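Visitor: below is the sequence, then the predicted model.
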Amino acid sequence: MHILVIGGGGREHTLVWKLSQSKQVDKIYAIPGNPGMMELAECIDTIDIMDNVSLVGFAKKQKIDLVVVGPEVPLINGAVDAFVAAGIKAFGPNQAAAEIEGSKSFSKNLMKKYGIPTAKYEVFTDVEKARAYIQKEGAPIVIKADGLAAGKGVIVAVSLEEALAAVDEIMCDQAFGQAGSRVVIEECLIGEEASLLAFTDGDTIVPMVSSQDHKRAYDNDEGPNTGGMGAYAPAPVVTAAILEKVQKEVLEPTIAAMKAEGRKYVGCLYAGIMITTAGPKVIEFNARFGDPETQVVLPLLKSDLVDVMLACIEGRLKATKVEWSAEKAVCIVMAAGGYPKSYKKNDAISGLAAAQASGAFVFHAGTAAANKQIVTNGGRVLGVVATAPDIKDAVAKAYLGVSKIDFANKHYRTDIAYRALNRLK
């Protein structure tokens, strides 16, 4: 089989790595890819991932059997629709289904209509009405840009002043561009957060191993929100009972709701869940694999990922067994100093081979090749991942890998998986 993976981040490097393990795969292409993928895939950086015509043309020319669309932006741009129209199998939701991530107001309204547990909310396009609602509800409160904001368009305000400033930042200052022309303001859910990714063919939905992201930039969950500073899997907070509740009250009703709305959802559905005293509630849905959750979930998948993806596309998921390792996995994100605000690029990275030799996987997220060396090229630069029979050893192994890697002003959290470790005390 010839496979095309669209995207160039840590999630896509992990997908390429996992797909390459399938005996069915002869060749993998990545658009645009990154230097870390080059051993496993041919990277093509001359095609824009938003140019569906060129993407389809390339897939036809290279006789691609399966396309895997990684990021949300091309999904919302209708990449899957374009491939399917050309008779090419593509893993991921079509444009109509991807709106579950593309518009937070669509997602919240869907949950309200179909009784899927989530936070109380209101949607605003008028700044003054948004401010008045905040004054009425008080803090803490959550303000979200309605559209895509690369995982950063959510502000959890602990005071009224912070909440009002967040509305100004999103709606008036357009910190997230057009994504903030509409905001969703919702109650602040209290509890422990977890991520649950699931495979679905639009009728059957099969959850993956649970995981937990660390969104704040600094230790002790302090600092601004980021795209994710690390993750681990499975998340002990998602007990068997919680998982069953999420399956019955969130995942299955959501897939049924999307089908009822004429937006049959095929691909990976990501549910961000808050485990509250009243039970699990949805924080958000994403229309694709999470990042960095993918980096800890896929290393634990024992089944052939190609088989599972084809079962989703062909409507055979119910008859497909998806098997998981009992090991634990940890990912430490190494970021550029200053991230998620301004940061430098083009700093030389050393120690990648030493990190791999220490037993870690190193997934490239924001790197580039320059002057025969690997350099930084993004906010989140690398994801250093380790697996082990227990979480303590996985954490130690991942941080050992991190210790081997160096670049100017590198930044990473030193407390990834602290909640799981605290449960062992």
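Guide: Received the coordinates, thanks.
Visitor: surely Leu352 meets Ala360?
Guide: No - using CB atoms under 8 Å, Leu352 is not in contact with Ala360; the gap is 10.0 Å. C-beta coordinates here come from the backbone N, C-alpha and C atoms, glycine included.
Visitor: which one of those two is surrounded by more residues?
Guide: A count of neighbours by other CB atoms under 10 Å puts Ala360 above the other of Leu352 and Ala360, at 26 against 20.
Visitor: any idea how far Asp291 is from Val333?
Guide: Going from Asp291 to Val333 by CB to CB, to the nearest Å gives 9 Å.
Visitor: next, show the common contact partners of those two.
Guide: Gly10, Gly228, Ala365 (CB atoms under 8 Å, 6 or more residues apart in numbering).
Visitor: mind putting those residues in a markdown table, distance to Ile28 and pLDDT included?
Guide: Below are the shared contacts of Asp291 and Val333 laid out as a markdown table (distance: CB to CB, whole Å; pLDDT from 0 to 100):
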| residue | distance to Ile28 | pLDDT |
| --- | --- | --- |
| Gly10 | 16 | 98 |
| Gly228 | 25 | 94 |
| Ala365 | 18 | 98 |
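Visitor: out of those, which are inside helices?
Guide: Of the shared contacts of Asp291 and Val333, the ones assigned to helices by DSSP state H are Gly10.
Visitor: by neighbour count, which of the shared contacts of Asp291 and Val333 wins?
Guide: Gly10 (31 neighbours).
Visitor: residues contacting that residue?
Guide: Asp291, Pro292, Thr294, Gln295, Val333, Phe363, His364, Ala365, Arg380, Leu382, Gly383.
Visitor: and Lys341, by the same measure?
Guide: Lys341 makes contacts with Pro224, as judged by CB under 8 Å, 6+ apart.
Visitor: please renumber so the chain begins at 34
Guide: Okay, using 34 as the starting number, the last item reads as Lys374.
Visitor: could you verify that Val414 is part of a helix?
Guide: No - counting by DSSP: H, G, I helix; E, B strand; the rest coil, Val414 is not found in a helix; it is strand.
Visitor: pretty sure it is in contact with Val395, am I right?
Guide: No - between Val414 and Val395 there is no contact under CB under 8 Å: 10.3 Å.
Visitor: quick one, which of these two is more surrounded?
Guide: More crowded of Val414 and Val395, by other CB under 10 Å: Val414, with 28 against 25.
Visitor: please report how far that one lies from Ala362.
Guide: 20 Å.
Visitor: same thing with Lys153?
Guide: Counting by CB to CB - Lys153 and Ala362 are separated by 35 Å.
Visitor: same check, this time on Trp50
Guide: As for Trp50, its distance to Ala362 is 13 Å (criterion: CB to CB).
Visitor: contacts for whichever helix in the chain runs longest?
Guide: Of all the segments of type helix in the chain, defined by DSSP H, the longest one is helix 424-436. Helix 424-436 has contacts (CB under 8 Å, 6+ apart) with 265, 360-365, 367, 388-389, 391-393, 395, 417-421, 445, 447, 449-450, 453-454, 457.
Visitor: cutoff 7 Å now
Guide: If you take CB atoms under 7 Å, 6 or more residues apart in numbering as the criterion, helix 424-436 is touched by 265, 361-365, 367, 388, 391-393, 395, 417-421, 445, 449-450, 453-454, 457.
Visitor: and those residues, which of them are in strands?
Guide: 265, 361-365, 367, 395, 417-421 (DSSP state E).
Visitor: the residue nearest the centre of the chain and Gly260: what is the separation?
Guide: Nearest residue to the geometric centre of the chain (CA atoms, centre = their mean): Gly323, 1.6 Å. Distance of Gly323 to Gly260, computed by CB to CB: 10 Å.
Visitor: mutual contacts of the two, please.
Guide: Between them, Gly323 and Gly260 share no contacting residue under CB under 7 Å, 6+ apart.
Visitor: comparing Lys153 and Ala362, which shows the higher neighbour count?
Guide: Ranked by neighbour count (other CB under 10 Å), Lys153 and Ala362 place Ala362 first, with 26 against 11.
Visitor: compute the distance between the closest residue in space to the more buried one that isn't next to it in sequence and Ala369, please.
Guide: Spatially, and ignoring its direct neighbours in sequence, Ala362 is nearest to Val329 (3.9 Å; CB to CB, 6 or more residues apart in numbering). Remark: distance between Val329 and Ala369 (CB to CB) = 22 Å.
Visitor: tell me the domain ranges of the protein?
Guide: The record's domain parsing of the chain by automatic domain parsing lists 35-127, 159-214, 225-352, 361-455.
Visitor: out of the ones you listed, which gets nearest to Gly148?
Guide: Closest of the domains of the chain to Gly148 is domain 225-352, at 7.2 Å (criterion: CB to CB).
Visitor: quick one: end-to-end distance for the closest one.
Guide: This stretch, domain 225-352, spans 33 Å end to end (CA to CA, to the nearest Å).
Visitor: strands of the stretch 134-283 of the chain, residue ranges please.
Guide: For the stretch 134-283 of the chain, applying DSSP state E, counting those that start in this stretch gives strands covering 154-157, 174-178, 187-190, 216-220, 225-233, 238-240, 245-246, 249-251, 255-258, 263-266.
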